[in-house]
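Student: coordinates only, no sequence provided:
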C-alpha cells in the first residue's frame, strides 16, 4: 500500500525567494570607460552608491524588468541590454535579495548625463564602495564584454552611427584595458570586413580631416570574422 504524504501541518514552510534585477550601464567618457551608479535611498546603507536595480513588477519578465531599470536610470533606452548571469551567493545585496540577475547595458558615447543629483557616471577603475554582490556583478559584466569583444559587435554599440577609425580604436582600447597598435588594428579591421566608409569627413585637430565610417559587416564564405587582437599591442 503506497505511503501517504505527511499532513500539510508537518511539512516545512515554503520560503519565498526574493529576486533582484541589476543593470551595469557602461559608456565611454573621454578616454575612460564609465558605469552609471545611483545614490542609495537608504540612509542606513553601508555603501552610498549602487547599481541600478529593482524587483520584477507583477507579470513582468526579467528581460522586461532589466529594460525598465536601465531606461529609468538613464532617462532613455540604451543601445543594448543583455543578460550576464545569475548571482545567488550569500554576498550582500543593497535590497537583501536572495538571487540577483545581472544585465549589461551599453550606451553610445556622448549620451547626456542623467537629470538630477542621485545618479552619476564613475570610471570603472575608480569606483566607490559597492555592496559585495553588486561589485561581483560589475566585474562579471566587464569580463563578459572582454570575452566576446573579438566576435560580437559590442564596440559599435558604444559609438554613434558614424565614427572615425580613431574613435573605434579608442573604444576597443577602453574595453580591453590596453593600447593597440594603430596600423595593425586597421589591417585587422579591414580583414574582418566590419565597417564601410561614408562620404563624410570630420576634423580631428590640426591634421587632415578623418573619414567617417559606419558598422556594415559584409557576408563572406565561411562566416563573419571578428577583429582578432593577438599581436595588436601598442
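Tutor: Great, that's in hand. For clarity, every value in this text was computed on a predicted model and none was experimentally measured.
Student: which element follows the longest strand seen in the chain toward the C-terminus?
Tutor: Determined from DSSP state E, the single longest strand within the chain is strand 19-29. As assigned by DSSP states H and E, the chain's next helix or strand after strand 19-29 is strand 32-39.
Student: other SSEs contacting the least confident helix or strand in the chain by mean pLDDT?
Tutor: Ranked by mean pLDDT, DSSP states H and E, the weakest helix or strand in the chain is helix 182-192, scoring a mean of 88. On a contact count with 3 or more CB pairs under 8 Å, 6 or more residues apart in numbering; DSSP states H and E, helix 182-192 meets helix 165-176. Backbone N, C-alpha and C define where each C-beta goes, glycine included.
Student: next, the angle strand 19-29 makes with the helix it packs on.
Tutor: Orientation check (axes from the mean of the first three to the mean of the last three CA atoms, to 10 degrees): helix 165-176 against strand 19-29 gives 140 degrees.
Student: list the buried residues for helix 165-176?
Tutor: By neighbour count with 16 or more other CB atoms under 10 Å, helix 165-176 contains the buried residues 165, 167, 168, 169, 170, 171, 172, 173, 174, 175, 176.
Student: ok, now how distant is the closest residue in space to the fifth one that isn't next to it in sequence from residue 172?
Tutor: Distances taken as CB to CB, 6 or more residues apart in numbering place residue 31 nearest to residue 170, at 6.9 Å, with adjacent residues excluded. Here the criterion is CB to CB, to the nearest Å. By it, residue 31 lies 13 Å from residue 172.
Student: for the protein, longest helix please?
Tutor: Longest helix in the chain by number of residues (criterion: DSSP state H): helix 132-148.
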